[in-house]
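Q: Mind looking at a prediction? Sequence and model below.
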Amino acid sequence: MALQNRENISLRWLALGYVSGLVGGILDLGSRWLPVWLSLGFGMAAAPVGYACFHACTVQFVRKGWRTRWISVVMLGAALPFFIVWCHRDGLSKSATLADFVLAVQTLLTVIVILSSSDGETRWPRRTIGAFLAVYSAVEFFRVAIFFKTGRMPADVFPPIEIASGIVYVVSCSVLPLAFIWMMNARLLSHLNRQALIDPLTELLNRRGIENAGAEELQKYRTSGREFAVALVDIDHFKSVNDRFGHACGDQALRSMAAFLKAAIRPADLSGRIGGEEFVIVLPGVVAHEARFLVEHLRTGFREHVMELSGGNIQLTASFGIAVTRGRRELDWETLMREADSALYAAKSAGRNATRVHETALAGAHRES
C-alpha cells in the first residue's frame, strides 16, 4: 500500500515500522550465524524502532505533536549502545527492561498525541487505538517496575504480566494497521460526504446540502411545531461584475458574499449557495415579522459591505425573498422554495435591494395579530 500511494507519508511510516519488525525477526532467526551484538543488540532495538515509526505515522496523520518524534529518536539513539553492550547473557535482563521502558514511553507518547487531536472525522478509530496503546504502555511500565523492584525478569516473578505482554504485543501487530486503515477510511468518507454537500467555491452548503438541512428542519417542525423561515438571496446586477472585472473577480465576489453571510447570520442559521449568484438561508425558530427583521438586517449590512476584489473595491446590493412555515404541517421543502422564489421576484420587481415576504406568510401574520 505504501508503494502504491507514495504521497501518503503516514502510510510510509507504518510500512517502515513493519519492515523494522521483519528485520528483527530475520536477525533473531539468524542468531546462530550472526554475531551476538548484531542478532541480539540490533534485534532488541527492532520493536522500539517499529513503534517509533508508528508514532511518527500517527503524528503525521493527525498533523500535530511533531516535536514528540524527536523524543523517540533521542531515546533510540541513547538506548542502542546499551542494547549492543548488554547483549551478553548477564546483561540480557537489563537490555530487555530498557526495551520495555522505551516501548512504554513511545506508546504513551502516541496515546497523548492521538487522543489530544480534535479531529472529529476519526474520533472512534483514534479512541480505539488510544485505549489499546494505553493498556500496552501500562503493561510495559509494570514490567519495568517489577525489574527495578526485584532485579529479576517479570516472567520469573509474576508470569501473568509476561503473558499479558505477549498477548498485547501480538494483538498490536494485527490491530494497529487495521485501525490505521480504519482512520484513513473514516477521513476519506468524511471528505467525500463534505464534497457531496459543500459548494467548493464558497464553502457553503450546496443545493443538495441545503435541501438535506431543510428536510431536517421540516422534520423538527412537524414533531415540535417550531416555526422556521427560508430566505432566497440574489445579488443584484451580478452580471455587471463579470462583464466589468472578469469571471475571476466574480468568483471573488461570490466568496465575499459567502463570508458576509457566515459572519452575519445567527449561529443556529444555515446558509447555502444553490447556483450562480443565488443563496439560501434557513432561519429556525422565527415567524414572519421576526424573519423580516433578521433579513432586513442582512440586506442593509450587505449594502454597506465592501468587497475587496483584485480588480478594485466594489459595493453591491441584494434582493431577498422570504417564506415562512406558518403552522402548515403538510408543507414540503419544494413549496417553501417556490414561495421564497415568488417573494424574491416581488423584491426584484420593486426595484431590487429590497426584502419581501410571501403573501401567505403575511396573511397568516395579519390573522394572528
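A: Okay, I see it. Note that this is a predicted model, so its numbers are computed, not measured.
Q: drop to CA atoms for contacts and neighbour counts, all remaining ones
A: Fine.
Q: can you give me the strands for the protein?
A: In the chain, the strands defined using DSSP state E lie at 228-235, 270-275, 278-284, 306-309, 312-315, 318-324, 355-357.
Q: which stretch among the ones you listed comes nearest residue 157?
A: strand 270-275 (63.0 Å; CA to CA).
Q: Residue ranges in the protein under the pLDDT threshold?
A: Within the chain, the stretches falling below the threshold (pLDDT under 70) are 89, 360-369.
Q: domains in it, as residue ranges please.
A: Per automatic domain parsing, the structural domains of the chain span 9-197, 207-368.
Q: who's in contact with the closest residue in space to residue 80 that isn't next to it in sequence?
A: If the residues on either side of it in the chain are set aside, residue 80 comes closest to residue 45, at 6.7 Å by CA to CA, 6 or more residues apart in numbering. Going by CA atoms under 8 Å, 6 or more residues apart in numbering, residue 45 touches 24, 76, 80, 83, 99.
Q: Quick check: the gap between residue 45 and residue 71.
A: Remark: distance between residue 45 and residue 71 (CA to CA, to the nearest Å) = 16 Å.
Q: Run through the helices of this protein in chain order.
A: Residue ranges of the helices in the chain, as given by DSSP state H, are 9-29, 36, 43-62, 68-85, 92-115, 123-150, 154-157, 159-197, 207-224, 238-245, 247-264, 288-303, 333-349, 359-368.
Q: winner for burial among the ones you listed?
A: Scoring the helices of the chain by mean neighbour count under mean count of other CA atoms under 10 Å gives helix 43-62 as the most buried, with a mean of 24.
Q: how much does that helix deviate in direction from helix 159-197?
A: Interaxial angle of helix 43-62 relative to helix 159-197 (axes from the mean of the first three to the mean of the last three CA atoms, to 10 degrees): 30 degrees.
Q: quick one: helix 43-62 to chain centroid distance?
A: Here the centre of helix 43-62 is set off from its chain's centre by 23 Å, with CA atoms, centre = their mean, to the nearest Å.
Q: go on, stretch 299-319?
A: Per CA atoms, centre = their mean, the displacement of stretch 299-319 from the mean C-alpha position of its chain is 33 Å.
Q: okay, the domains of the chain in JSON lines with distance to residue 1 next?
A: Below are the domains of the chain laid out as JSON lines (distance: least, CA to CA, whole Å):
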{"stretch": "domain 9-197", "distance to residue 1": "7"}
{"stretch": "domain 207-368", "distance to residue 1": "33"}
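Q: is it true that residue 1 touches residue 11?
A: Yes: counting by CA atoms under 8 Å, a contact exists between residue 1 and residue 11, whose distance comes to 7.5 Å.
Q: hmm, back to that, among the helices of the chain, which is nearest residue 273?
A: Ranking those by distance to residue 273, with CA to CA as the measure, places helix 207-224 first at 6.5 Å.
Q: Show me what that closest one is packed up against.
A: Under the contact criterion of 3 or more CA pairs under 8 Å, 6 or more residues apart in numbering; DSSP states H and E, the helices and strands touching helix 207-224 comprise helix 159-197, strand 270-275, strand 278-284, helix 333-349.
Q: Would you convert these into CSV that also reports distance to residue 58?
A: Converted to CSV, those look like this (distance: least, CA to CA, whole Å):
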stretch, distance to residue 58
helix 159-197, 8
strand 270-275, 34
strand 278-284, 39
helix 333-349, 44
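Q: Show me the one of those that comes nearest residue 211.
A: With distances scored as CA to CA, the stretch of those nearest to residue 211 is helix 333-349 (7.5 Å).
Q: Distance from the chain centre to that closest one, please.
A: With CA atoms, centre = their mean, you get 36 Å for helix 333-349.
Q: CA atoms of that helix as PDB?
A: Coordinates of each C-alpha in helix 333-349 appear next as PDB, following Å, rounded to 0.1, in the frame of the first residue of the first chain:
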ATOM      1  CA  TRP A 333     -39.500  21.900   1.000                       C
ATOM      2  CA  GLU A 334     -40.400  22.500  -2.600                       C
ATOM      3  CA  THR A 335     -43.400  24.600  -1.600                       C
ATOM      4  CA  LEU A 336     -41.300  26.700   0.700                       C
ATOM      5  CA  MET A 337     -38.700  27.300  -2.000                       C
ATOM      6  CA  ARG A 338     -41.400  28.200  -4.600                       C
ATOM      7  CA  GLU A 339     -42.900  30.700  -2.100                       C
ATOM      8  CA  ALA A 340     -39.500  32.200  -1.300                       C
ATOM      9  CA  ASP A 341     -38.700  32.500  -5.100                       C
ATOM     10  CA  SER A 342     -42.100  34.200  -5.600                       C
ATOM     11  CA  ALA A 343     -41.200  36.700  -2.900                       C
ATOM     12  CA  LEU A 344     -37.700  37.200  -4.400                       C
ATOM     13  CA  TYR A 345     -39.300  38.000  -7.700                       C
ATOM     14  CA  ALA A 346     -41.500  40.600  -6.000                       C
ATOM     15  CA  ALA A 347     -38.400  42.200  -4.400                       C
ATOM     16  CA  LYS A 348     -36.700  42.400  -7.800                       C
ATOM     17  CA  SER A 349     -39.800  43.800  -9.400                       C
END
